[in-house]
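Asks: generate a structure from the sequence data that follows.
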Amino acid sequence: MTRMLLSRGSFPERLLRPTVDYIAAQQQSDGAVLWFEGGHIDPWDHVEAAMGLAIGGRLDAAEGAYAWLRTMQREDGGWYAAYKDGAVTDDTRAETNFVAYAATGVWHHFLISQDRRFLRDYWPMLQAAVDFVLALQAPSGEIYWALDSRTGVSRDALVTGCSSIFKSLECAINAAVELGEDPGDWISARARLGHALRRRPDRFDRTWESKARFSMDWFYPILGGVVEGDHARRRLAARWEVFVEPGLGCRCVADRPWVTVAESCELTLALLASGNRRSASEVFSWLHDLRHEDGSYWTGYVFPDEAIWPEERPTWTAAAILLAADALTGATAASELFTRVALPESTQEAQRLHQRNLLEQS
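Replies: Numbering: from 1, shown residues only. A predicted model of the protein is given here:
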């Protein structure tokens, strides 16, 4: 069994260099990063892969990925659900958390590169994406999950998706402040979203079956910065035995005997965000039996059958490994992006005021 216990300052460059190379090998000439050879592209996982490239020092390749994203952006600021070979393959909807994730990627790239010209060049793309997302915010604060191409706004919300958007808004606010732009409306929108996630569970999963059986609904509010400190630690402890399979990783779904590498990496980030470095390091150490000889990682493992499933090695899974390794070791200037909330001082008082007003109104 392969175990990799990481600590600060010990990024495993030699072991993970092939992981970066694997992502780069799936990048097309136009900058698009496929899920795997012959696969498709979706905006969220494309950004995840771009962040993996940046962690690995492939800044030019990462910038190529963002250039593709800018080229494919719709006039309304959104992106369709899936693409392949320069064409749209799923035009049924634009998902808000997919669209918002562009802001996370752009800010992550700036933190590593410190290239203000890049940040300025991609500001219009970021701004249009955030405006698209916030146009789908409900009066009660949650953000509807998608704009359906046929029926319009899909008026329900996902805990995981909105938690991801919450982090993306943090990144967008930081980008605005860095460039001298006014993030006031975004600060207010983020406060309303946080209020809904913390205080209005009735606003989520209203028109479909609850997603609480998915592990992401358990840890994403921590990963996104919605739940912090003691509340985060209690949340993780409450369902630890439901989702965590010792020695293997995190289940994707509570009632399925299937652990997945990406969810386990995201749980690693959530554990770090909660202050539990020991468990974070331990969970991450379990994952490397699912590493392929080329540096990629299999999606997951069905443990009763001792079977890899599906037989796919996505670029976004490789990127999740790199994000978790960076967070554990502090290798790059973006290593704490998912493990702490970092709003500029100039916005923190406004954020507190908005939150207080929301509490007084509830």
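Asks: okay, now Asp121: neighbour count?
Replies: 15 (other CB atoms under 10 Å). Where C-beta positions appear, they are placed from N, C-alpha and C, glycine not excepted.
Asks: in stretch 160-176, what counts as buried?
Replies: Across stretch 160-176, burial judged by 16 or more other CB atoms under 10 Å covers 160-176.
Asks: CA atoms only: put stretch 32-47 into PDB for me.
Replies: Only the C-alpha atoms of stretch 32-47 are listed here, as PDB (Å, rounded to 0.1, in the frame of the first residue of the first chain):
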ATOM      1  CA  ALA A  32      -9.200  23.400 -23.800                       C
ATOM      2  CA  VAL A  33      -8.400  20.700 -21.200                       C
ATOM      3  CA  LEU A  34     -10.300  17.400 -21.800                       C
ATOM      4  CA  TRP A  35     -11.600  15.200 -19.000                       C
ATOM      5  CA  PHE A  36      -9.300  12.600 -20.500                       C
ATOM      6  CA  GLU A  37      -8.200  11.500 -24.000                       C
ATOM      7  CA  GLY A  38     -11.300  11.600 -26.200                       C
ATOM      8  CA  GLY A  39     -13.400  13.200 -23.500                       C
ATOM      9  CA  HIS A  40     -15.300  16.400 -23.300                       C
ATOM     10  CA  ILE A  41     -14.800  19.700 -21.500                       C
ATOM     11  CA  ASP A  42     -17.000  21.400 -18.900                       C
ATOM     12  CA  PRO A  43     -16.300  24.900 -17.500                       C
ATOM     13  CA  TRP A  44     -15.900  23.900 -13.800                       C
ATOM     14  CA  ASP A  45     -13.500  21.000 -14.400                       C
ATOM     15  CA  HIS A  46     -11.600  22.900 -17.000                       C
ATOM     16  CA  VAL A  47     -10.900  25.600 -14.400                       C
END
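Asks: avg pLDDT for it?
Replies: The average pLDDT within stretch 32-47 is 98.
Asks: packing partners of the longest helix along the chain?
Replies: In the chain, taking DSSP state H as the definition, the longest helix is helix 159-178. Applying 3 or more CB pairs under 8 Å, 6 or more residues apart in numbering; DSSP states H and E, one finds that helix 159-178 contacts helix 96-113, helix 116-121, helix 123-134, helix 184-199, helix 215-223, helix 345-361.
Asks: nearest to His292 among the ones you listed would be which one?
Replies: Nearest to His292 among the helices and strands packed on helix 159-178 is helix 215-223; the distance by CB to CB comes to 23.4 Å.
Asks: now do that closest one against helix 96-113, angle only.
Replies: Taking axes from the mean of the first three to the mean of the last three CA atoms, to 10 degrees, helix 215-223 and helix 96-113 form an angle of 50 degrees between their directions.
Asks: which residues touch Gln73?
Replies: Taking CB atoms under 8 Å, 6 or more residues apart in numbering as the contact definition, Gln73 lies against 79, 125, 128-129.
Asks: among the residues you listed, who's most crowded?
Replies: Ala129 leads the contacts of Gln73 on contacts (other CB under 10 Å) with 29 neighbours.
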